[in-house]
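A.B. asks: Any chance you can model this:
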Amino acid sequence: MAQILLVDDDTNVLLTLAIALRRQGHNVTVAQNGWQALNLLRRQNFEFLISDVSMPGMTGIELAKRAHQMPSHPIIVLTSALEIEMQEGLAQHFMPKPVDVRELGDVLAADLALQQSPVQSGALH
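C.D. replies: Below is the predicted model of the structure:
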């Protein structure tokens with residue numbers, strides 16, 4: 001399915017989401033903070049970046065901004081237990097915590113389908 005970078009400073013959330021996404025058939029790489037995630041993004045291409053907003057050191061918002069500057073940036077899904085005001089264009093999706101794994105799976109599947117459609121890939125003109 002998809003190459004996903006999952007970022008959260010809460011180990012329980014990180015492992016729970018990683019297991020659920022792997023059961024859905026995705027390849028999941030985990031990072032416990034924004035700096036780890038940024039290093040992984042520099043070395044590997046991911047289709048999705050799923051990150052918590054509230055993390056010490058580098059927030060998910062700062063990580064999303066930096067990910068957008070990369071030549072091949074992933075689709076970004078931000079999660080938070082707090083209600084936040086999103087900046088326009090920062091993330092394609094926002095999901096409140098606790099994250100509904102089925103809903104997250106539906107979002108990922110819909111985005112993958114869009115990426116693979118002939119119209120999106122330029123196969124049809």
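
A.B. asks: For the stretch of helix or strand residue 110 belongs to, buried residues please.
C.D. replies: Per DSSP states H and E: residue 110 is located in helix 101-116. The neighbour-count check on helix 101-116 (16 or more other C-beta atoms under 10 Å) flags 104-105, 107-108, 111-112 as buried. Where C-beta positions appear, they are placed from N, C-alpha and C, glycine not excepted.

A.B. asks: quick one: average pLDDT of stretch 35-51?
C.D. replies: Stretch 35-51 carries an average pLDDT of 97.

A.B. asks: CA atoms of that stretch as PDB?
C.D. replies: Output of stretch 35-51 as PDB, limited to C-alpha atoms (Å, rounded to 0.1, in the frame of the first residue of the first chain):
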ATOM      1  CA  TRP A  35      14.100  15.800  14.400                       C
ATOM      2  CA  GLN A  36      14.100  12.100  13.900                       C
ATOM      3  CA  ALA A  37      11.400  12.400  11.400                       C
ATOM      4  CA  LEU A  38      13.200  15.200   9.500                       C
ATOM      5  CA  ASN A  39      16.300  13.000   9.200                       C
ATOM      6  CA  LEU A  40      14.200  10.200   7.900                       C
ATOM      7  CA  LEU A  41      12.400  12.500   5.400                       C
ATOM      8  CA  ARG A  42      15.800  13.600   4.100                       C
ATOM      9  CA  ARG A  43      16.900  10.000   3.500                       C
ATOM     10  CA  GLN A  44      13.800   8.300   2.200                       C
ATOM     11  CA  ASN A  45      10.600   9.100   0.200                       C
ATOM     12  CA  PHE A  46       7.300   8.700   2.000                       C
ATOM     13  CA  GLU A  47       3.900   9.000   0.500                       C
ATOM     14  CA  PHE A  48       2.400  10.100   3.900                       C
ATOM     15  CA  LEU A  49       3.700  12.000   6.900                       C
ATOM     16  CA  ILE A  50       1.300  11.500   9.900                       C
ATOM     17  CA  SER A  51       2.400  13.600  12.800                       C
END
